[in-house]
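Participant: Attaching a predicted model along with its sequence, questions to come.
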Amino acid sequence: MSIPFSNTHHRIPPGFANLLEGLAREVLREQPEDIPAFAANYFEELLDKREKTKFDPAEWGAKLDDRFYNNKAFEEAVSLQEEVKESMKDSSMEPEGACTKLDEDILDIPLDDPDANAAAAKIQASFRGHMTRKKIKGGEIDRKSKDPECASSTRVGDLRNGD
């Protein structure tokens, strides 16, 4: 039950206003007899379009609203980026020099070191796990069925035992 003249404010979820604006625009354009049925059909078509094109107009509208209401923060970020670029031009630091130093350090790593090989195996395993979790979260693979790529990359030996 609502209280008349209450001073409560509800937050609208990001993108919801854009969805309703789109529906209102189409209702005014089409002038349907049965508005609820038209709205249901409109949202079904919107869902189909979103699944096929991987483009979500609600998310896009939320980003536009965020950019509109936080324009000052975006402008400050752009000015800060320009200042950094100018200071990089003025300074004697060159990014290429830093990369060559890093490349030389990487070349000095002994390839037959068992500790380095174990560390590399752990890093690679954690990255494979990260990519698998990302695929599962994105819905690319079913949780119950194994991904053939992941099944082929499993090792028989245990990394902790050095096998």
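Facilitator: Arrived safely, thanks for sending.
Participant: going forward, measure contacts and count neighbours with C-alpha atoms only.
Facilitator: Noted.
Participant: Show me what counts as buried in the longest helix anywhere in the chain.
Facilitator: Determined from DSSP state H, the single longest helix within the chain is helix 114-138. Within helix 114-138, the residues that qualify as buried are 125, 128, 132, counting by 16 or more other CA atoms under 10 Å.
Participant: Considering those, which member attains the minimum pLDDT?
Facilitator: Among the buried residues of helix 114-138, residue 132 carries the lowest pLDDT, at 91.
Participant: returning to that earlier point: nearest to residue 63, of the buried residues of helix 114-138?
Facilitator: Ranked by distance to residue 63 (CA to CA), those are led by residue 132 at 28.1 Å.
Participant: Can you show me the CA trace of stretch 120-128 as CSV?
Facilitator: Included here for stretch 120-128 are C-alpha records, laid out as CSV according to Å, rounded to 0.1, in the frame of the first residue of the first chain:
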residue,chain,number,x,y,z
ALA,A,120,55.3,-20.9,-15.7
ALA,A,121,53.1,-24.0,-15.4
LYS,A,122,51.2,-22.5,-12.5
ILE,A,123,50.7,-19.3,-14.4
GLN,A,124,49.5,-21.1,-17.5
ALA,A,125,47.1,-23.3,-15.4
SER,A,126,45.6,-20.3,-13.7
PHE,A,127,45.2,-18.5,-17.0
ARG,A,128,43.4,-21.6,-18.5
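Participant: what's the helix or strand for residue 73?
Facilitator: Assigned by DSSP states H and E, residue 73 belongs to helix 71-90.
Participant: Correction: the previous question concerned residue 50.
Facilitator: Assessed by DSSP H and E, residue 50 sits inside helix 35-53.
Participant: For that helix, buried residues please.
Facilitator: Buried residues in helix 35-53, counted by 16+ other CA under 10 Å: 38-39.
Participant: helices or strands next to that helix in the packing?
Facilitator: If contacts are counted by 3 or more CA pairs under 8 Å, 6 or more residues apart in numbering; DSSP states H and E, helix 35-53 sits against helix 16-30.
Participant: Which elements pack onto the helix it packs on?
Facilitator: For helix 16-30, the elements it packs on are helix 35-53, helix 57-69, judged by 3+ CA pairs under 8 Å, 6+ apart.
Participant: now with 7 Å?
Facilitator: helix 57-69 (3 or more CA pairs under 7 Å, 6 or more residues apart in numbering; DSSP states H and E).
Participant: per-residue confidence averaged over the helix it packs on?
Facilitator: When pLDDT is averaged over helix 57-69, the result is 71.
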